[in-house]
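K.L.:
just to be clear, the model below is a prediction. Sequence and coordinates:
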Amino acid sequence: MRVAVSGGGGLVDLRYQVLDPDAAASIHDLRRPPQLVDERTGVLVSGLLMGHSHKGGLNPAQTYYLVFENPGSLVRRGGRVTVQLGAARVAHVPVR
């Protein structure tokens, strides 16, 4: 739903909405941790703020969030990222 730089540039806030809870369960796959790739630099952002991730089941039509650390403020407003959440991959997501 949204990718936004926050925390003075040191964080990236990802908001996503679950459409299919069974398919969304792959978000918790430890072999494929959530990550963002900055399309300008190719930098991979995968560190979650304080190790936070959603625990438990996911509900349809509900919005969830992940907050990534953004060391060096490499992901910037106006850029684009590729979002990888489990088996789901969405390219060219604008960063607010």
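P.N.:
On my side now, so go ahead. None of these values were measured; they are calculated from a predicted model.

K.L.:
so how far is Arg96 from the residue in the chain sticking out farthest from the centre?
P.N.:
Distance from the C-alpha centroid of the chain, by Cα atoms, centre = their mean, peaks at Asp22 (18.7 Å). Asp22 sits at a distance of 30 Å from Arg96 (criterion: Cβ to Cβ, to the nearest Å). (Each C-beta comes from the backbone N, C-alpha and C, glycine too.)

K.L.:
and the next element down the chain from the host helix or strand of the residue farthest from the centre of the chain?
P.N.:
With elements delineated by DSSP states H and E, Asp22 resides in helix 21-24, which encompasses its position. Using DSSP H and E, the helix or strand that follows helix 21-24 in sequence is strand 35-38.

K.L.:
check which element follows that next one along the chain.
P.N.:
Sequence-wise, the next helix or strand beyond strand 35-38 is strand 44-45, with elements assigned using DSSP H and E.

K.L.:
what lies in contact with that following strand?
P.N.:
The list of residues contacting strand 44-45 from outside it, by Cβ atoms under 8 Å, 6 or more residues apart in numbering, reads Val12, Gln35, Leu36, Val37, Asp38, Phe68, Glu69, Asn70, Leu74, Val75, Val81.

K.L.:
need those in JSON lines with neighbour count, distance to Leu48 and pLDDT, can you?
P.N.:
Below are the contacts of strand 44-45 laid out as JSON lines (neighbours: other Cβ atoms under 10 Å; distance: Cβ to Cβ, whole Å; pLDDT from 0 to 100):
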{"residue": "Val12", "neighbour count": "25", "distance to Leu48": "10", "pLDDT": "97"}
{"residue": "Gln35", "neighbour count": "18", "distance to Leu48": "10", "pLDDT": "94"}
{"residue": "Leu36", "neighbour count": "23", "distance to Leu48": "11", "pLDDT": "96"}
{"residue": "Val37", "neighbour count": "19", "distance to Leu48": "15", "pLDDT": "96"}
{"residue": "Asp38", "neighbour count": "19", "distance to Leu48": "16", "pLDDT": "96"}
{"residue": "Phe68", "neighbour count": "22", "distance to Leu48": "6", "pLDDT": "96"}
{"residue": "Glu69", "neighbour count": "14", "distance to Leu48": "7", "pLDDT": "95"}
{"residue": "Asn70", "neighbour count": "24", "distance to Leu48": "11", "pLDDT": "95"}
{"residue": "Leu74", "neighbour count": "16", "distance to Leu48": "16", "pLDDT": "93"}
{"residue": "Val75", "neighbour count": "26", "distance to Leu48": "14", "pLDDT": "96"}
{"residue": "Val81", "neighbour count": "24", "distance to Leu48": "15", "pLDDT": "98"}
